[in-house]
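Asker: Next one to model:
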Amino acid sequence: MKSSAVLFALAIGAFAIGTTEFAPMGLLPVIAQGVDVSIPTAGMLVSAYAVGVMLGAPVMTLLFSRFGRRAALVTLMLIFTVGNLLSALAPGYTTLLLSRLVTSLNHGAFFGIGAVVAASVVPKDKQASAIAAMFMGLTVANIGGVPAATWIGQQVGWRLAFAGTAALGLITIAALWMVLPKGEAGTRPDVRRELKVLTRPEVLLAMGTTVLGAGSMFTLYTYVAPVLTEITHASPGFIAFALVLIGVGFTIGNSLGGRLADWSLDGATRLILLALALIMLVLPWALGSHLGAGIGLVVWGAAAFGMVPPVQMRVMQAAAEAPGLASSVNVGAFNLGNAVGAALGGAVIGQGLGYAAVAWAGAALAAGGLGLVLIQGRMRRGQAGAAAAAGHI
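Answerer: Residues are numbered from 1 along each chain as shown. Okay, here's the model as predicted:
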C-alpha cells in the first residue's frame, strides 16, 4: 500500500465532497428557478447540508467504526453518490432538500476516518502533511470543481451538475477500492468511553479553536462578493476571478499549514491564527484597488486555510483514544464555525457597520482562537508541572 496512492485517492474524495458542498452557492438562482422557490428558500439547501454534516459526523463515524477502513470509506462515498443522484432527479424542492441531507451524511465521517488513514500511512513526523494532502482535494475543488460545476449548471442545467458530481463519487469509490487493503473489521465501539474523551477540557479547547478559526474565515468568505462590490467596485467577472484566487490561496495555505504543523503543532497554530487576524485587520485597505484585492485575497486565503491541518491534528492528538470520532466531530466543528462566521458577518452588515467591518469581525474571531490556543498551552504546562512535582514526592 503506497502512501502516495492512498493520499491521492483520499484527495479525489475530498475534491468530490468540496465540489458538492460549495457548488450550490453559485447555482442558487438557477436552482431556485428550477424548483420554483425564492433564492432565500433555495439558500436553505446550503444550511441543510451544514446541519447534516454536524449531526451526521459522530453518528456515522460510530456506526462505521465496526467496518474495515476500506469498507467504511467506500460505503460513505456510495452514500455521497446516491445523494447526488437523488439531487439530480429530485422532482421538487422538498425532495431536493432531503437529497442534500442524504449527501451530507458522508462528509464528517469521510474526513474523520480519512484523516486517520492518511496519518497511518506515513511516519509520525509527516502526519500533518499527510492530512493536508487529503484536504488538498478540498482546496483544489474551489479552483476547478466548483467553477466547472457552476458553469455546467448555468449553461446546461443544475441537474447535470449534480449528476457530474455523482460521477466523481464513482471515481473515488474505484480509487479507494484499488489502493486500500481489505483490512480487518473494526470492533464495536465503546460509545460511552469515546464520547467521554470528547468532553476533556483540552479536546473542547482544541475544537473551540476550530470553531473560531473557521468562523473567522467564513465571516468574510460568505460575503466576499458584496464586499468586493462595495469596497473594490468589482465587476461580476472580477468577482469570479477573485474566487479562483481565493482557491489558489487555500491550496497554498493548506500545504504550508501541513509543513508548519510537522515542524511544531502549537507553534504553527499560533503563528497562522496571528497572521490571519493581522491580515484581516488590514485587508479592507488592500481591497481599495483591484491589484491590492487580488494579492490580498491570495494571502488571506493562504492564512485562512493554513490553519486546517494543525487544528485537525491538534484534536486528533488531544483525543488520542478516539481519533476517528474526534476528527469527524471536528469537521462538524468547522461547519459550526461556518455558520457562526456567516451569522456574525450578516449581523455586522445588518447593523450598518459597513463592509470593512466584516473583515475586522473575522479578525476578532481569529484572535479569540489564538487565545484558546494560549490557554490550552498554559493548561498543558500546568499539568506537566504537577506531574513532575508528584514524581518527586
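Asker: so which strand or helix has residue 282?
Answerer: Under the criterion of DSSP states H and E, residue 282 resides in helix 265-286.
Asker: which other helices and strands contact that helix?
Answerer: Based on contacts counted as 3 or more C-beta pairs under 8 Å, 6 or more residues apart in numbering; DSSP states H and E, the elements that helix 265-286 packs against are helix 201-221, helix 236-263, helix 290-306, helix 308-318, helix 356-391. C-beta coordinates here come from the backbone N, C-alpha and C atoms, glycine included.
Asker: make it 10 Å
Answerer: helix 127-140, helix 201-221, helix 236-263, helix 290-306, helix 308-318, helix 356-391 (3 or more C-beta pairs under 10 Å, 6 or more residues apart in numbering; DSSP states H and E).
Asker: quick one: least confident helix or strand in the protein?
Answerer: For the chain, counting by mean pLDDT, DSSP states H and E, helix 191-197 ranks last in confidence among helices and strands (a mean of 69).
Asker: Please work out how many residues are found near residue 33.
Answerer: Other residues within reach of residue 33, judged by other C-beta atoms under 10 Å, total 12.
Asker: Excluding chain neighbours, what is closest to residue 180?
Answerer: When the adjacent residues along the chain are set aside, residue 180 lies closest to residue 70, with 3.9 Å between them (C-beta to C-beta, 6 or more residues apart in numbering).
Asker: Residue 177 is in contact with the one you found, correct?
Answerer: Yes: with contact defined as C-beta atoms under 10 Å, residue 70 reaches residue 177; the gap is 7.0 Å.
Asker: Which secondary structure element is home to the most centrally placed residue in the chain?
Answerer: Taking C-alpha atoms, centre = their mean, the centroid of the chain lies closest to residue 334, which sits 5.7 Å from it. Following DSSP H and E, the helix or strand that holds residue 334 is helix 323-350.
Asker: Mind listing what's buried along that helix?
Answerer: Buried residues in helix 323-350, defined by neighbour count with 16 or more other C-beta atoms under 10 Å: 323-342, 344-345, 348-349.
Asker: next one: the helix holding residue 282 to chain centre, how far?
Answerer: How far helix 265-286 lies from its chain's middle: 18 Å, per C-alpha atoms, centre = their mean, to the nearest Å.
Asker: Could you tell me the angle between that helix and helix 308-318?
Answerer: 150 degrees (axes from the mean of the first three to the mean of the last three C-alpha atoms, to 10 degrees).
Asker: just the angle between helix 265-286 and helix 201-221, please?
Answerer: Going by the same axes, to 10 degrees, helix 265-286 makes 20 degrees with helix 201-221.
Asker: tell me which residues of helix 265-286 are tucked away?
Answerer: Residues of helix 265-286 classed as buried: 265, 268-277, 279-281, 283-284, 286 (neighbour count, 16+ other C-beta under 10 Å).
Asker: for the stretch 101-250 of the chain, which spans come out with low pLDDT?
Answerer: Along the stretch 101-250 of the chain, segments meeting pLDDT under 70 span 183-194.
Asker: quick one: what helix or strand has the residue nearest to residue 180 in it?
Answerer: Following DSSP H and E, one finds residue 70 within helix 69-89.
Asker: Show me what that helix is packed up against.
Answerer: Counting by 3+ C-beta pairs under 10 Å, 6+ apart, helix 69-89 packs on helix 3-35, helix 39-64, helix 93-104, helix 107-120, helix 158-179.
Asker: one more time with 6 Å
Answerer: Packing contacts for helix 69-89, counted by 3 or more C-beta pairs under 6 Å, 6 or more residues apart in numbering; DSSP states H and E, involve helix 93-104, helix 107-120, helix 158-179.
Asker: List the contacts of it.
Answerer: 13, 20, 64, 96, 99, 102-103, 105-106, 109-110, 113, 117, 159, 162-163, 165-166, 169-170, 172-173, 176-177, 180, 182-183 (C-beta atoms under 6 Å, 6 or more residues apart in numbering).
Asker: Dihedrals phi and psi, residue 65?
Answerer: Per-residue torsions, residue 65: phi -70, psi -20 (degrees, to the nearest 10).
Asker: what number of residues lie near it?
Answerer: By other C-beta under 10 Å, neighbour count at residue 65 equals 22.
Asker: And the one 5 residues further on, by the same measure?
Answerer: Taking other C-beta under 10 Å as the neighbour definition, residue 70 ends up with a count of 17.
Asker: Kindly report the same for residue 251.
Answerer: Neighbours around residue 251, by other C-beta under 10 Å: 21.
Asker: Chain neighbours aside, what residue packs nearest to it?
Answerer: residue 139 (4.2 Å).
Asker: you'd agree the one you found is up against residue 256?
Answerer: No: Residue 139 lies out of contact with residue 256 (C-beta atoms under 6 Å); the separation is 11.4 Å.
Asker: sorry, back to before: could I get the helices and strands packed on helix 265-286 as TSV with distance to residue 84?
Answerer: Formatted as TSV, these follow (distance: least, C-beta to C-beta, whole Å):
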stretch	distance to residue 84
helix 127-140	16
helix 201-221	23
helix 236-263	21
helix 290-306	24
helix 308-318	24
helix 356-391	31
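Asker: closest to residue 146 out of those?
Answerer: Smallest distance to residue 146 across the helices and strands packed on helix 265-286 (C-beta to C-beta): 7.7 Å, for helix 236-263.
Asker: and the closest one, what does it pack onto?
Answerer: Helix 236-263 sits against helix 127-140, helix 290-306, helix 308-318, with contacts defined as 3+ C-beta pairs under 6 Å, 6+ apart.
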